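Asks: Give me coordinates for this.
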Amino acid sequence: MTDIGFLNDRFMSLEEVKISPDDRGFQFGDGVYEVVMVYEGKPCLLQEHLARLEHSAQGIRLTLPYTPAEWEQRILEGVKRCGYQHCKVYIQVTRGIVPRDHLFPGQCSPTIFMSFREMTPLDENLRQRGVKVITVPDIRWGRCDIKSLNLLPNVLGKQQAKEAGAFEAIFIREGVVTEGTSCNVMIVRSGVIHTPESNHHILEGVTRKILLDLAKKEGLSVCERTIKAKELFEVDEIFLAGTTIEVMPVVAIDEKPVGTGQPGPTSQQLSASYQDFLSRLV
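Replies: I've put the predicted structure just below:
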């Protein structure tokens, strides 16, 4: 078992991968990406991730080089080559390699890079205890529905959270909750799950959509709407949702307890439902 790289239709060891400094992803962040989790050797929700990759690519006027079937074939080959039963697949497509110029290049082939690394699962104690978060101003660009390579505000927010002893930072844009630096946000008030509606200010998470569908099937009320920042301090529960963290209960925000200060029943129920959903996929 070993970490595997893929560059422009060639598999190789990850250490062998070399990308030109003239790549537009390096110089401009001119590209898009996805992260896919693999459980028991099977990519989870692959078609949903590929559909979002296509949405992101269209958003920056970038033509993807492969069909969904071609992506799937290469991803399955990478999973087989690395040998990990549980791994994380990173997919990145940039506009390609040309001398630096802000304008789109006339003739340029996209750079396709993938990595296949062993998955290091989160400490389950975090999920059992719940985590602390902080709020930070949302200084990102206006198309957060595009999963682009421009992640510096996310990096700064995540680092600020770490330095505050928190797990995550929740972005606030003009008094309104958008999302975490690498996850979606959901709150619970009087038994109803509320989450920011899908728009240009949030990435429509694959895990977010699955959780909302599971909640509805289990008879839970769901409301997608604008959430004011002040509401975060008036709720019964807060939990985070994302590909790598799955469902993560929040027990404190900006050093103030959420609800009882313990993981709430709704987040626990949805976490169990999501684990059951994953087990049926593999």
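Asks: Isn't Ile202 up against Glu179?
Replies: Yes - if you go by CB atoms under 8 Å, Ile202 and Glu179 touch, sitting 4.7 Å apart. The way it works is simple: take the backbone N, C-alpha and C, and place the C-beta from them, glycine included.
Asks: Can you check which residues contact both of those two?
Replies: Common neighbours of Ile202 and Glu179, counting by CB atoms under 8 Å, 6 or more residues apart in numbering, are Cys144, Pro196.
Asks: More neighbours: which of the two?
Replies: Glu179 (27 against 22; other CB atoms under 10 Å).
Asks: Assumed that one was part of a helix.
Replies: No - according to DSSP: H, G, I helix; E, B strand; the rest coil, Glu179 belongs to no helix; its state is strand.
Asks: so where do the strands sit in the stretch 151-282 of the chain?
Replies: Along the stretch 151-282 of the chain, counting by DSSP state E, counting those that start in this stretch, strands occupy 168-173, 176-180, 184-189, 192-195, 221-224, 237-242, 246-253, 256-257.
Asks: Out of these, which one sits most buried?
Replies: strand 237-242 (a mean of 26; mean count of other CB atoms under 10 Å).
Asks: ok, residues contacting that strand?
Replies: Applying CB under 8 Å, 6+ apart, the contact partners of strand 237-242 are 131, 133, 168, 180, 182-188, 205, 207-208, 211, 232, 247-250, 253, 258-259, 263-267, 270.
Asks: what residues are up against the nearest residue in space to Gly157 that is not next to it in sequence?
Replies: Sequence neighbours aside, Ala169 is the residue nearest to Gly157 in space, at 3.9 Å (criterion: CB to CB, 6 or more residues apart in numbering). Taking CB under 8 Å, 6+ apart, we find Ala169 in contact with Val133, Ile134, Thr135, Val136, Gly157, Lys158, Gln160, Ala161, Gly180, Thr181.
Asks: what does stretch 68-80 rub up against?
Replies: With CB under 8 Å, 6+ apart as the test, stretch 68-80 has contacts from 4, 6, 9, 11, 36, 38, 41, 43, 46-47, 50-51, 53-54, 66, 87, 89, 91, 114, 116.
Asks: whoops, I mixed them up, stretch 145-152
Replies: So stretch 145-152 is contacted by 25, 29-34, 52-53, 55-56, 59-60, 92, 94, 140-141, 198-204 (CB under 8 Å, 6+ apart).
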